[in-house]
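>>> pasted the sequence and its predicted model underneath.
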Amino acid sequence: MAAPEEQMAALSVADGAPAAAAEGGKPKKEKKPKADKPKQQQGGEGKKKETKLGLTASKEGDFGDWYSQVVVESEMISYYDVSGCYILRPYSFAIWDEIKNWFDARIKELGVQNAYFPLFITEDVLMTEKEHVEGFAPEVAWVTKSGSSELDRPIAIRPTSETVMYPYYAQWIRSHRDLPLRLNQWTNVVRWEFKHPTPFIRSREFLWQEGHTVFATKEEADTEVYQILDLYRRVYEELLAVPVCKGMKSSKEKFAGALYTTSVEAFIPTSGRGVQGATSHCLGQNFSKMFGIEFETEEKTRQHAWQNSWGLTTRTIGVMVMTHGDDKGVVIPPRVAQIQVVVIPIPNSKLGEEAVKAMLDRADAIAADLKAAGVRVTVDRRDNYTPGWKYNFWELRGVPLRLELGPRDMDSGVAMLARRDNGGKQSCAWGELAAAVPKLLEQQQAEMYAKARAEFDSCIERVTTWDDFMAALERKHMALAPWCDTEESEEEVKRRPPCLAIPLATYLPLLFMCDTEESEEEVKRRSATKDAMGAKTLCIPLEQPDLPEGTPCFVTGAPAKCWALWGRSY
Ligand code: 87F
């Protein structure tokens with residue numbers, strides 16, 4: 001069962017993607033966005049039959065509807081008849097391919113190798129990790145039948161692969177010479193979510209990479225955690241032009257099996273919600289002790305290995321769409337766009353057959369030049385659509401640059417370049433296109449990032465009191481607040497010195513709130529309103545502002561240990 005605030009989120013307007021099918025019984029049909037297929041337009045111009053394009057919802061006015069329409073109409077997603085599952089059509093899969101190729105090359109440079117482990121997990125093996133799986137148990141999907149016969153033992157479908165991989169790590173690793181072992185796999189995973197599904201952002205099956213690495217020392221493991229975290233930052237910032245904040249998860253938000261969890265956090269200003277971009281965990285020796293991953297050291301002693309795991313998912317694409325999209329459709333940053341430039345010839349009715357042919361030939365020649373310069377380009381030669389319709393079509397798909405070639409351009413040997421992100425236009429001589437376009441695309445990439453970064457930064461409010469914290473949330477912002485986080489384990493909490501040893505000013509607030517997990521829970525509860533979910537820590541940013549000694553925690557009044565970034569979130 002979803003927690004009350006999660007149910008509230010599912011009802012909130014900002015979440016307006018199609019309702020999930022009812023669980024159990026006959027699946028209820030999802031309310032699909034209006035136009036999976038564009039409708040035929042009545043009348044049309046002459047013999048041209050054009051489909052009606054465009055979004056009916058606005059990004060600011062109804063963000064949830066806007067998002068479901070934009071991912072469908074841009075042909076990124078098709079809804080599917082299993083609730084929470086979506087088809088990634090070629091137009092979005094191409095973006096995943098770009099992310100994958102970039103990240104895959106970087107991790108290989110670090111010495112990580114790819115492998116593939118099976119999809120299925122026996123109950124016994126899954127339960128080796130009982131302690132950590134327990135909280136996730138309701139989300140595990142099971143195969144119970146083949147054909148019409150029940151299986152003797154149900155088999156789980158991987159929600160993550162620790163339990164699949166680590167028994168084999170235990171067999172393969174014998175000596176320090178077998179270390180480090182650094183494997184990654186690109187796979188699908190299934191988590192039977194009960195929260196409201198949203199394409200890319202929260203789906204029951206998704207694609208990801210999961211890295212699982214083993215080291216002889218904690219230092220090596222620590223180094224890798226931050227190397228991977230920085231690659232995740234670069235995927236968002238350098239490929240998707242989406243700003244993120246690198247940070248440490250609070251003890252409540254970290255993966256229960258980890259020693260510590262780091263993450264990159266993005267933010268969607270329109271909905272006022274944070275979204276976890278990717279996680280890089282140091283697992284310490286927790287799993288090596290559970291699975292018996294031991295090695296013989298150079299000194300011939302036996303030691304448990306140090307492990308990390310890290311994952312990045314297709315959520316990246318959703319965050320990109322939410323960040324850059326506008327009322328005309330998606331806006332794709334040039335570096336990940338499958339099509340970076342669309343060439344649109346604009347013949348008019350006065351043009352003779354030969355002039356039209358010359359225009360189309362010129363369009364092809366320009367495309368060939370651009371292709372040779374490494375630009376991903378296509379020519380829209382369709383003769384059954386008007387140029388205006390084509391503009392809408394490519395704007396909906398977010399193609400970064402449109403190159404228009406009209407009769408007057410044919411006379412003067414130029415073409416008009418129109419930017420998707422800001423509508424900027426400039427003309428360019430044919431001979432200069434091959435040099436100018438790649439530069440313009442890079443400039444566009446940089447400006448998209450700069451704009452999103454400025455907006456991200458303007459959404460962080462530094463607050464020190466509860467009232468200011470709530471006011472920031474009400475403005476759909478994040479709050480950076482001094483917090484008494486103590487990263488204490490349960491054992492440490494139990495072993496705390498007697499309260500009298502603590503100065504009275506510190507001790508009094510602690511009477512009401514004895515550990516940080518509780519203070520975070522308290523914030524979540526107290527910050528929930530009738531139409532908005534409660535806030536939680538997004539992360540404790542790695543880059544910390546100065547924190548003067550004795551600054552009180554904004555919740556408990558106890559001495560603050562750090563600045564934490566808080567927000568409502570996906
Ligand atoms: C859902 C069902 C069962 C998350 C789950 O973050 C188990 C789990 O272990 C589960 N949802 N997790 C944590 C995953 C940790 C870790 N795994 C490798 C990552 C990155 C990639």
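Now that the structure is in, tell me what you want to look at.

>>> touching the ligand at all, stretch 273-290?
Yes: applying CB under 6 Å from any ligand atom, one finds that stretch 273-290 is in contact with the ligand at 279, 281. Every C-beta, even on glycine, is put in place using the N, C-alpha and C of the backbone.

>>> in the protein, which helix or strand is least confident?
Evaluated with mean pLDDT, DSSP states H and E, the helix-and-strand set of the chain has its lowest mean pLDDT in helix 4-11, which scores a mean of 34.

>>> off-centre distance for the next helix or strand after that helix?
Using DSSP states H and E, the helix or strand that follows helix 4-11 towards the C-terminus is helix 63-73. Between the mean C-alpha location of helix 63-73 and the chain-wide mean there is a distance of 17 Å, by CA atoms, centre = their mean, to the nearest Å.

>>> check stretch 77-95 too.
Going by CA atoms, centre = their mean, where stretch 77-95 is centred and where its chain is centred differ by 15 Å.

>>> cool, and stretch 105-113?
Relative to its chain's centre, stretch 105-113 lies at 21 Å (CA atoms, centre = their mean).

>>> repeat that for stretch 113-127.
Computed by CA atoms, centre = their mean, the chain-centroid distance of stretch 113-127 equals 24 Å.

>>> also stretch 248-257?
Chain-centre distance of stretch 248-257: 18 Å, with CA atoms, centre = their mean.

>>> hmm, who's touching that stretch?
Stretch 248-257 is touched from outside by 129, 131-132, 135, 162, 260-263, 279, 281, 283, 286-287, 485, 487-489, 516-517, 520-521, 536-537, 539-540, 542, 564, with contacts defined as CB atoms under 8 Å, 6 or more residues apart in numbering.

>>> 7 Å instead, please
Stretch 248-257 has contacts (CB atoms under 7 Å, 6 or more residues apart in numbering) with 132, 135, 260-263, 279, 281, 283, 286-287, 485, 487, 516-517, 520, 536-537, 539-540, 542, 564.

>>> now, of these, which are buried?
Of the members of the contacts of stretch 248-257, the ones counted as buried by neighbours, 16 or more other CB atoms under 10 Å, are 132, 260-263, 279, 281, 283, 286-287, 485, 516-517, 520, 536-537, 539-540, 564.

>>> and the helix or strand that contains A452, what's buried?
Counting by DSSP H and E, the element that carries A452 is helix 433-458. Counting neighbours by 16+ other CB under 10 Å, one finds that the buried residues in helix 433-458 are 433-434, 437-438, 440-441, 444-445, 448-449, 451-452, 456.

>>> check which element follows that helix along the chain.
Next along the chain after helix 433-458, taking DSSP H and E as the criterion, comes strand 460-462.

>>> counting by contacts, list what that following strand packs against.
Using 3 or more CB pairs under 7 Å, 6 or more residues apart in numbering; DSSP states H and E as the contact definition, the elements that strand 460-462 packs against are strand 478-483.

>>> let's test this: mean pLDDT of the strand it packs on, rounded?
Per-residue confidence for strand 478-483 averages out to 98 on the pLDDT scale.

>>> next one: it to chain centre, how far?
Mean C-alpha position of strand 478-483 versus that of the full chain (CA atoms, centre = their mean) differs by 23 Å.

>>> measure how that strand sits relative to helix 433-458, angle-wise.
Computed by axes from the mean of the first three to the mean of the last three CA atoms, to 10 degrees, the angle separating strand 478-483 from helix 433-458 equals 50 degrees.

>>> what would strand 478-483 look like as CSV? C-alpha coordinates only.
As requested, C-alpha coordinates have been extracted for strand 478-483 and formatted as CSV (Å, rounded to 0.1, in the frame of the first residue of the first chain):
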residue,chain,number,x,y,z
MET,A,478,14.2,23.6,-3.0
ALA,A,479,15.4,24.6,0.4
LEU,A,480,19.1,24.4,1.5
ALA,A,481,18.9,24.3,5.3
PRO,A,482,21.2,23.7,8.2
TRP,A,483,20.5,20.2,9.5
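
>>> can you list the strands that it pairs with?
Sheet pairing here is set by DSSP bridges, and for strand 478-483 it gives strand 460-462 (parallel), strand 562-569 (antiparallel).

>>> need the residues that contact that strand.
Contact partners of strand 478-483, identified using CB under 7 Å, 6+ apart, comprise 267, 274, 459-464, 469, 472-473, 538, 547, 551-554, 560-567.

>>> so which residue of the stretch 301-450 of the chain comes closest to the ligand?
Of the residues in the stretch 301-450 of the chain, the one nearest the ligand is G311, at a distance of 3.0 Å by CB to the nearest ligand atom.

>>> S280 is in contact with that residue, correct?
No: using CB atoms under 7 Å, G311 is not in contact with S280; the gap is 8.3 Å.

>>> so which of those two has more stuff around it?
Neighbours around G311 and S280, counted as other CB atoms under 10 Å, are more numerous at S280. The numbers are 26 against 20.

>>> the more buried one and V225 touch, don't they?
Yes: when contacts are counted by CB under 7 Å, S280 is listed as touching V225 (5.0 Å).

>>> shared neighbours, these two?
In contact with both S280 and V225: T262, using CB under 7 Å, 6+ apart.

>>> near the ligand, which residues of the stretch 301-450 of the chain?
On the criterion CB under 6 Å from any ligand atom, the ligand has as its neighbours in the stretch 301-450 of the chain the residues 309-311.

>>> meant to ask about the stretch 51-200 of the chain, not that
If contacts are counted using CB under 6 Å from any ligand atom, the residues of the stretch 51-200 of the chain sitting beside the ligand are 132-133, 136, 139-140, 159-160, 162, 191.

>>> helices - which of the residues you listed land there?
132-133, 162 (DSSP state H).

>>> closest one to T198 out of the residues you listed, please.
Proximity of those to T198 was ranked by CB to CB; the top entry is V133 with 24.9 Å.

>>> neighbour-wise, which one of the residues of the stretch 51-200 of the chain next to the ligand leads?
Comparing those by number of neighbours (other CB under 10 Å), E162 comes first, having 26 neighbours.

>>> check contacts around that one.
By CB under 7 Å, 6+ apart, E162 lies in contact with 129, 287, 309.

>>> make a markdown table from these and add pLDDT to it.
Rendered in a markdown table, the data for those read as follows (pLDDT from 0 to 100):
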| residue | pLDDT |
| --- | --- |
| E129 | 79 |
| F287 | 97 |
| S309 | 98 |
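
>>> could you dump those residues to JSON lines with secondary structure?
Shown next, in JSON lines, are those (DSSP: H, G, I helix; E, B strand; the rest coil):
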{"residue": "E129", "secondary structure": "coil"}
{"residue": "F287", "secondary structure": "helix"}
{"residue": "S309", "secondary structure": "strand"}
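
>>> ranges for the strands of the stretch 401-550 of the chain?
Secondary structure of the stretch 401-550 of the chain (DSSP state E, counting those that start in this stretch): strands located at 401-405, 414-419, 425-429, 460-462, 478-483, 536-541.

>>> which other helices and strands contact the second one?
This means strand 414-419. By 3+ CB pairs under 7 Å, 6+ apart, strand 414-419 packs against strand 401-405, strand 425-429, helix 433-458.

>>> try 10 Å this time
Where contact means 3 or more CB pairs under 10 Å, 6 or more residues apart in numbering; DSSP states H and E, strand 414-419 is packed against strand 341-345, helix 353-372, helix 387-396, strand 401-405, helix 407-412, strand 425-429, helix 433-458.

>>> having no further points to raise, I will conclude here.
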